[in-house]
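>>> fold the following, please.
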Amino acid sequence: MPFLFDKEYPFQIGRAVVIRLGNDATIVANRDMVAQALIAAEALSQEQLDVRVIDCHAVRPLDEETILRAAHQTGAIVTAESNTYYGGLAAQWPNYW
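All right, here's what the predicted structure looks like:
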């Protein structure tokens, strides 16, 4: 697992962190899937796809502003999580599915 943040990083509940910029799609991940999202984004860059990665470390309250901005700017959102549907990232968006 790569080291992404040091212990001094000012995490805020309800604020996601953009950890990789991109313009073609966005992966919103949490927990251990953040590292996997970064690996996937790097692999996709070899295919000339520029993928943004957002660390959504707090699911509730969800940082809708950051995620909606990414959806508008990149045109595609994928969630990556190791949870079940109920209670996970995708479950926070019932009005969008």
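>>> give the helix, strand or coil label for the residue nearest the centre of the chain.
Residue closest to the mean C-alpha point of the chain, counted by Cα atoms, centre = their mean, is residue 28 at 1.9 Å. With DSSP: H, G, I helix; E, B strand; the rest coil as the basis, the three-state label of residue 28 is strand.
>>> what's the nearest residue to it if we skip its chain neighbours?
Distances taken as Cβ to Cβ, 6 or more residues apart in numbering put residue 54 closest to residue 28, at 4.7 Å, once the chain neighbours are dropped. Any C-beta I mention is one placed from the backbone N, CA and C, and that applies to glycine too.
>>> and for residue 13, the neighbour number?
Residues lying near residue 13 (other Cβ atoms under 10 Å) number 9.
>>> count the residues that sit near the spatially closest residue to it that is not a sequence neighbour.
What sits nearest to residue 13 in space, not counting adjacent residues and going by Cβ to Cβ, 6+ apart, is residue 58, at 4.7 Å. If you count neighbours by other Cβ under 10 Å, residue 58 ends up with 15.
>>> what distance separates stretch 73-89 from the centre of its chain?
7 Å (Cα atoms, centre = their mean, to the nearest Å).
>>> can you pull out the helices in this protein?
33-45, 64-74 (DSSP state H).
>>> pick the most deeply packed of those.
helix 33-45 (a mean of 18; mean count of other Cβ atoms under 10 Å).
>>> got the CA coordinates for that helix in PDB?
The C-alpha coordinates for helix 33-45 follow below in PDB (Å, rounded to 0.1, in the frame of the first residue of the first chain):
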ATOM      1  CA  MET A  33      -9.300   1.000  -3.000                       C
ATOM      2  CA  VAL A  34      -7.600   4.500  -3.300                       C
ATOM      3  CA  ALA A  35      -4.300   2.800  -4.000                       C
ATOM      4  CA  GLN A  36      -6.000   0.500  -6.500                       C
ATOM      5  CA  ALA A  37      -7.600   3.500  -8.200                       C
ATOM      6  CA  LEU A  38      -4.200   5.100  -8.500                       C
ATOM      7  CA  ILE A  39      -2.800   1.900 -10.100                       C
ATOM      8  CA  ALA A  40      -5.700   1.800 -12.500                       C
ATOM      9  CA  ALA A  41      -5.300   5.500 -13.400                       C
ATOM     10  CA  GLU A  42      -1.600   4.900 -14.200                       C
ATOM     11  CA  ALA A  43      -2.400   1.900 -16.300                       C
ATOM     12  CA  LEU A  44      -5.100   3.800 -18.200                       C
ATOM     13  CA  SER A  45      -2.600   6.600 -18.800                       C
END
